[in-house]
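here is the input, now give the coordinates:
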Amino acid sequence: MNLMFFTVLAAENIDSGAVQAVSSSDFSHSINAVIQFIYNSLDPIVFPIAKLVLLISALVLLLGGILMSKNIKKAGWCGIATTIAVLFLFYLAPLILGLIITAAKTAGAGK
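Numbering: from 1, shown residues only. Coordinates of the predicted model:
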């Protein structure tokens with residue numbers, strides 16, 4: 001048997017009537033549920049990872065101070081600033097998504 005035969009068999013088994021139309025509200029509801037699931041899954045691990053990265057960045061900053069290295073100090077400060085920014089954005093994500101959803105609903109209602 002060759003590959004072409006298996007391709008034809010696979011194409012014959014596809015049910016083209018299985019795809020159903022979805023309303024925009026159902027689609028947005030399912031997208032919101034997926035985003036909420038991802039957020040709730042990441043929530044317990046984000047803060048411990050952030051604490052670990054802050055600790056490592058503080059140690060890098062301390063090492064840069066001991067070695068009098070400007071570049072190592074910059075790396076430490078960048079690690080601290082990046083971690084704080086990521087935490088800030090992560091915990092504001094529900095608010096930002098809520099504003100986007102509200103704006104989309106308002107724009108859709110205006111039509």
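
what mean pLDDT does the helix or strand harbouring residue 31 have?
With elements taken from DSSP states H and E, the one containing residue 31 is helix 24-67. The average pLDDT within helix 24-67 is 90.

repeat for stretch 79-90
Across stretch 79-90, the average pLDDT comes to 95.

and the next helix or strand after the helix holding residue 31 with helix 24-67, angle?
As assigned by DSSP H and E, the chain's next helix or strand after helix 24-67 is helix 70-109. Helix 70-109 and helix 24-67 are oriented at 170 degrees to each other (axes from the mean of the first three to the mean of the last three Cα atoms, to 10 degrees).

tell me what helix 70-109 is packed against?
Judged by 3 or more Cβ pairs under 8 Å, 6 or more residues apart in numbering; DSSP states H and E, helix 70-109 is in contact with helix 24-67. (Each C-beta comes from the backbone N, C-alpha and C, glycine too.)
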